[in-house]
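K.L.:
Sequence first, predicted coordinates after that:
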Amino acid sequence: MVEQNNKEILKRIVQQSRDKVLSLAAAQNLATECDCSLRCIERIALNHLIVPARFKRNSLNCHEQLRLLQSQVAIIGCGGLGGRTAELLARLGIGHLSLTDPDSFSESNLNRQIFCTTQTLGRNKVEVLAKELGSINPTLEFTLNINKFNEDSVATANIVVDGLDTPATRKELSALCQKQNIPLVHGAVKEWYGQAGIEEIPGSLINTLYPGSYQTSHAPPLVLPMTVALIASIQASETCKYLLGLNSLKKHLLQTDLLQQEYEKISFNY
């Protein structure tokens, strides 16, 4: 019965598509008419090489786009790096985002955090992100954690994004990902400088970068919005490449100096 229904849905999708492209409006109408989710419509379309219009310019093929739709990414920390990385992944077509952050937006976030506005001050970051990202990508599913990260925050993720701002919390997240055998996309920023890399399993990029012990109350760094945007873009691209099996920053660290426009790729053997 399910296979028969899918064949009927596919027939309707083909009729509504133009040049192998399905508009959002057409997909939403089909979801209503066929009594199924928009996600189901787009999954069937991608399986048969018909691309949703909003992903047409992604330069990814339908199989790659479908793989992203079926992927789950955990964002730990939804401020500067985490919020902007989440926005990019939503536009890219990631199917599920697990968002974790206990904090609310404050005035000091206005200089760099993409969803911090004068209207969202005082509101929880996770709740704001879920609302805004859902309006960007209506098939996106969420798991929302308005608390400090724990094992449940990353348990079902294919990959985890580090949106934290202190060495102590990064080391804690790294240990958690190592324990659960989940790769971690690291990112850090300070003023004009930033870095990004992927910690594979097994491996210890974070402990190499931050040896020793740190106070959990370590003051967060001063940050410029341009640096945040750049490093978040690198984190999003590395997440995408890792999920698609493309060449990524595994066992490497990319360091950037926007003041001098200098970039250095460092190899690690740990």
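P.N.:
Sure thing, it's come through.
K.L.:
quick one: terminal-to-terminal distance for stretch 198-208?
P.N.:
From its first residue to its last, stretch 198-208 covers 12 Å (Cα to Cα, to the nearest Å).
K.L.:
which residues are contacting that stretch?
P.N.:
If you take Cβ atoms under 8 Å, 6 or more residues apart in numbering as the criterion, stretch 198-208 is touched by 170-171, 173-174, 177-178, 181-186, 197, 238, 242, 248-253, 268, 270. Where you see a C-beta, it was placed from the backbone N, CA and C, and this is true even at glycine.
K.L.:
Check the offset of it from the chain's centre.
P.N.:
19 Å (Cα atoms, centre = their mean, to the nearest Å).
K.L.:
same thing with stretch 232-250?
P.N.:
For stretch 232-250, the distance to the chain centre is 10 Å (Cα atoms, centre = their mean).
K.L.:
what's in contact with that stretch?
P.N.:
Contacts for stretch 232-250 (Cβ under 8 Å, 6+ apart): 60, 64, 67-68, 71, 73, 80-82, 84-85, 88-89, 92, 158-159, 161-162, 183, 185-187, 196-198, 200, 254, 265.
K.L.:
Helices of this structure, start to end?
P.N.:
Under the criterion DSSP state H, the chain carries helices at the ranges 2-16, 24-33, 38-47, 62-69, 80-92, 125-136, 151-154, 167-180, 205-209, 225-243.
K.L.:
Let's have those in CSV, adding mean neighbour count.
P.N.:
Putting these into CSV (neighbours: other Cβ atoms under 10 Å) gives the following:
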stretch, mean neighbour count
helix 2-16, 13
helix 24-33, 16
helix 38-47, 21
helix 62-69, 19
helix 80-92, 25
helix 125-136, 19
helix 151-154, 17
helix 167-180, 19
helix 205-209, 19
helix 225-243, 22
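K.L.:
For Ser98, find the nearest of the ones you listed.
P.N.:
Distance to Ser98, taken as Cβ to Cβ, is lowest for helix 151-154 among the helices of the chain, at 6.5 Å.
K.L.:
ok, back up a step: and of the helices of the chain, who's closest to Leu144?
P.N.:
helix 125-136 (5.1 Å).
K.L.:
Keeping just the C-alphas, turn the closest one into CSV.
P.N.:
What follows is helix 125-136, C-alpha atoms only, in CSV (Å, rounded to 0.1, in the frame of the first residue of the first chain):
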residue,chain,number,x,y,z
LYS,A,125,18.4,31.6,21.7
VAL,A,126,17.2,28.1,20.9
GLU,A,127,13.6,29.1,20.7
VAL,A,128,14.4,32.1,18.4
LEU,A,129,16.6,30.0,16.1
ALA,A,130,13.9,27.3,15.7
LYS,A,131,11.3,29.8,14.7
GLU,A,132,13.6,31.7,12.3
LEU,A,133,15.2,28.6,10.7
GLY,A,134,11.7,27.0,10.3
SER,A,135,10.7,29.9,8.2
ILE,A,136,13.8,29.5,6.0
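K.L.:
so how far is that helix off the chain centroid?
P.N.:
With Cα atoms, centre = their mean as the basis, the mean position of helix 125-136 lies at 13 Å from the chain mean.
K.L.:
quick one: average pLDDT of that helix?
P.N.:
The average pLDDT within helix 125-136 is 98.
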